[in-house]
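> Kindly return the folded structure for what I paste below:
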Amino acid sequence: MSTTHLVALTGQGLGSVGRHLKVLLDAGLVGRRRAGRSVLYYRSTAGDVLVRAQGS
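Numbers count the residues shown, from 1 in each chain. Here you go, the predicted model:
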């Protein structure tokens, strides 16, 4: 998802979403890739493992 999409989805401000994404990137829980002029964020393998563990 793009930061714009995450802002709309969460109702948080752009700065807040950006700070959270930086923490998640630094922790290796999300990755990012460029798609044209947008930067898209996705959950990494480590992030998937963490999410699955929360469901247990």
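
> Following the chain past the lengthiest helix in the chain, name the next helix or strand.
Criterion DSSP state H: the longest helix present in the chain is helix 14-26. Using DSSP states H and E, the helix or strand that follows helix 14-26 in sequence is strand 30-35.

> what's the angle between that next one and helix 14-26?
Per axes from the mean of the first three to the mean of the last three CA atoms, to 10 degrees, the angle that strand 30-35 makes with helix 14-26 is 110 degrees.

> what sits up against strand 30-35?
By CB atoms under 8 Å, 6 or more residues apart in numbering, the residues outside strand 30-35 that reach it are Leu21, Leu24, Leu25, Val39, Leu40, Tyr41, Tyr42, Arg43, Ser44, Gly47. For glycine as for every other residue, the C-beta is placed from the backbone atoms N, C-alpha and C.

> And the residues you listed, which of them are buried?
Listed as buried from the contacts of strand 30-35 are Leu21, Leu24, Tyr41, Ser44, Gly47; burial here means 16 or more other CB atoms under 10 Å.

> Just send the residues you listed back as a markdown table, with pLDDT and distance to Gln12 too.
Formatted as a markdown table, those follow (pLDDT from 0 to 100; distance: CB to CB, whole Å):
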| residue | pLDDT | distance to Gln12 |
| --- | --- | --- |
| Leu21 | 97 | 11 |
| Leu24 | 97 | 13 |
| Tyr41 | 97 | 14 |
| Ser44 | 97 | 21 |
| Gly47 | 95 | 18 |
